[in-house]
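Engineer: got a structure for you, letters missing:
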């Protein structure tokens, strides 16, 4: 089996983080929870559930993901992973479906896999109207500009570690997922989507649950798309 490590950005997810960790399949080598300036018991609960816990004081989803990647980069080469899985800490995804997410990489040598939150597998209310519209707009623009076949910007995703490094990720906040997909397209990585179940999260979303968060996320997503559409 390949070495698989999971990175979970988490900001005040004390009530959900242990559920997420406990449902991750045993094929995973290490679960890394990055507390993104949490003020509750996220760190304690994650540690008690068996995760490696890092602290990133700078707020921002991308900051947390980059912190996890920096930790992995500093590991001994014998502990370097083959596959990195990104997963949210709010328990909206089904962590046990990680096996489905990594299967195309292991069996078919696909570089990058996105868990697509298709309507038929989505619990009512699990995605807000701004999320649904934002996903539709972003994926429609990616299809128009890059002939992409993405249907979602789902945070539950897996990628070969050396391909992730090759992407040279840089976004610090809301644009992390779209940046990864755009760079995968630009660098001609092989990719696919796997339909995944999606439920109402535990607690309130820090992005789609607020008007400010939804606007900032939308601006970031559109900014990355237009940046790459006009980039040589």
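Structural biologist: Okay, I see it. All of these numbers come straight from a predicted model, not from anything done at the bench. Numbers count the residues shown, from 1 in each chain.
Engineer: contacts only, for the residue nearest to residue 120 when sequence neighbours are not counted.
Structural biologist: With Cβ to Cβ, 6 or more residues apart in numbering as the criterion, residue 120 has its nearest non-adjacent residue at 7.8 Å, and that residue is residue 195. All C-beta spots, glycine's among them, are computed from the backbone N, C-alpha and C. Residue 195 makes contact with 115, 116, 118, 120, 121, according to Cβ atoms under 8 Å, 6 or more residues apart in numbering.
Engineer: mind checking which of those are in strands?
Structural biologist: Among the contacts of residue 195, the residues falling in strands (DSSP state E) are 115, 116.
Engineer: ok, the residue nearest to the spatial centre of the chain to residue 145 distance?
Structural biologist: Centroid-nearest residue in the chain: residue 155, 3.2 Å away (criterion: Cα atoms, centre = their mean). Here residue 155 is placed at a distance of 22 Å from residue 145 (Cβ to Cβ, to the nearest Å).
Engineer: for the protein, what spans make up the helices?
Structural biologist: Assigned by DSSP state H, the helices in the chain fall at 17-22, 42-48, 61-73, 98-108, 129-146, 161-167, 176-186, 211-229.
Engineer: one step back: what sits against the closest residue to the residue nearest to the centre of the chain other than its chain neighbours?
Structural biologist: Excluding its sequence neighbours, the residue lying closest to residue 155 (Cβ to Cβ, 6+ apart) is residue 88, at 4.9 Å. Listed by Cβ under 8 Å, 6+ apart, the contact partners of residue 88 are 8, 9, 20, 155, 156, 201.
Engineer: residues in contact with residue 175?
Structural biologist: Here residue 175 is in contact with 62, 220, 221, 223, 224 (criterion: Cβ under 8 Å, 6+ apart).
Engineer: was I right to think the third one contacts residue 176?
Structural biologist: In this case it means residue 221. No - judged on Cβ atoms under 8 Å, residue 221 makes no contact with residue 176 at a distance of 10.3 Å.
Engineer: have a look at those two and say which one is more surrounded.
Structural biologist: Remark: of residue 221 and residue 176, residue 176 carries more neighbours, 25 against 22, as counted by other Cβ atoms under 10 Å.
Engineer: for residue 185, see how far away the closest residue to residue 163 other than its chain neighbours is.
Structural biologist: Using Cβ to Cβ, 6+ apart and skipping the chain neighbours, the partner closest in space to residue 163 is residue 111 (4.8 Å). Going from residue 111 to residue 185 by Cβ to Cβ gives 11 Å.
Engineer: so what sits against both of those two?
Structural biologist: Residues touching both residue 111 and residue 185 (Cβ under 8 Å, 6+ apart) are residue 191.
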